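S.K.: Sequence below, structure please.
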Amino acid sequence: MIHVYTGNGKGKTTAALGLCLRAIGAGMRVYIMQFMKSLAYSEQAVLKSFGTHLVNLHTTGKPFFVAPEGTMSEAEREKWGDDVEVFPAGKPPAEYVALLSRGLSEVTQSMTAGNYHMIILDEINVALHFGLISRHQMETLLACLPKDVEIICTGRYAPDWLIEQADLVTEMTEVKHYYTRGIEARRGIEN
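M.R.: As a prediction, the model looks like this:
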């Protein structure tokens, strides 16, 4: 089955990691690729502690964020400072595209080797939306999906074609969030 967790609300990665926990509790092996993330998030330490015989965690990102022009306000851009690379829409940095493409190739190889019951593609929807991964690349991966493997796609901006193809789609809707009061991401809650 293909799962998609999308929307502007909090909880997309959290839902995927909840499925991961449930899967390993059932004796399943899980492969996680976190796109556009480096090893800077609290959940990564615990995922690595399970050992690669249960959870195989990879990241394909840099310690900075990328965003197309027009997707961030000037205040947001100033807040991120040197930690964000803004690129012209439709022209993402070639080095970042290559990095994420290599990550997707790793996923495809691991998925088709038959060693995993669940594949989590964290933030793949954003990578697709920003043009860092192409629709063709993603459809090629999905065409190779073994029938006994669950694939979980997270991130805002899930494309309509992926939503149409998915077996389960959940949209997280933000009703209220404390970041509107200026509260930054908190360790153990958002990162």
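S.K.: Now residue 79: which helix or strand?
M.R.: Assigned by DSSP states H and E, residue 79 falls within helix 74-80.
S.K.: Let me fix that, I meant to ask about residue 161.
M.R.: helix 160-165.
S.K.: Give me the below-cutoff pLDDT ranges for the chain.
M.R.: The chain contains residues with pLDDT under 70 at 37-42, 62-64, 188-191.
S.K.: Show me the strands in it, by range?
M.R.: 2-6, 30-35, 55-60, 65-68, 84-87, 118-122, 150-154, 168-171 (DSSP state E).
S.K.: Starting from the fifth one, tell me which strands it pairs with and how they run.
M.R.: Sheet pairing here is set by DSSP bridges, and for strand 84-87 it gives strand 65-68 (parallel).
S.K.: got it, and the third one?
M.R.: Pairing partners of strand 55-60, with direction, according to DSSP bridges: strand 30-35 (parallel).
S.K.: Name the residues that touch the partner strand?
M.R.: With contacts defined as CB atoms under 8 Å, 6 or more residues apart in numbering, strand 30-35 is touched by 20, 23-24, 41, 44, 47, 54-61, 100, 103-104, 106-107, 110-111, 115-124, 126-127, 132-133, 155. Backbone N, C-alpha and C define where each C-beta goes, glycine included.
S.K.: and the angle from it to strand 118-122?
M.R.: 10 degrees (axes from the mean of the first three to the mean of the last three CA atoms, to 10 degrees).
S.K.: Can you show me the CA trace of strand 30-35 as PDB?
M.R.: This file holds the C-alpha atoms of strand 30-35, laid out as PDB (Å, rounded to 0.1, in the frame of the first residue of the first chain):
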ATOM      1  CA  VAL A  30      11.900  -0.700   8.100                       C
ATOM      2  CA  TYR A  31      14.000   1.500   5.800                       C
ATOM      3  CA  ILE A  32      13.800   5.200   6.300                       C
ATOM      4  CA  MET A  33      15.100   7.900   4.000                       C
ATOM      5  CA  GLN A  34      14.800  11.400   5.300                       C
ATOM      6  CA  PHE A  35      15.000  13.800   2.300                       C
END
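S.K.: so how far is it from its chain's centroid?
M.R.: From the chain centre to the centre of strand 30-35 is a distance of 8 Å (CA atoms, centre = their mean, to the nearest Å).
S.K.: Repeat that for stretch 48-67.
M.R.: 10 Å.
S.K.: If you count neighbours, what's buried in it?
M.R.: 54-57, 59-62, 66-67 (16 or more other CB atoms under 10 Å).
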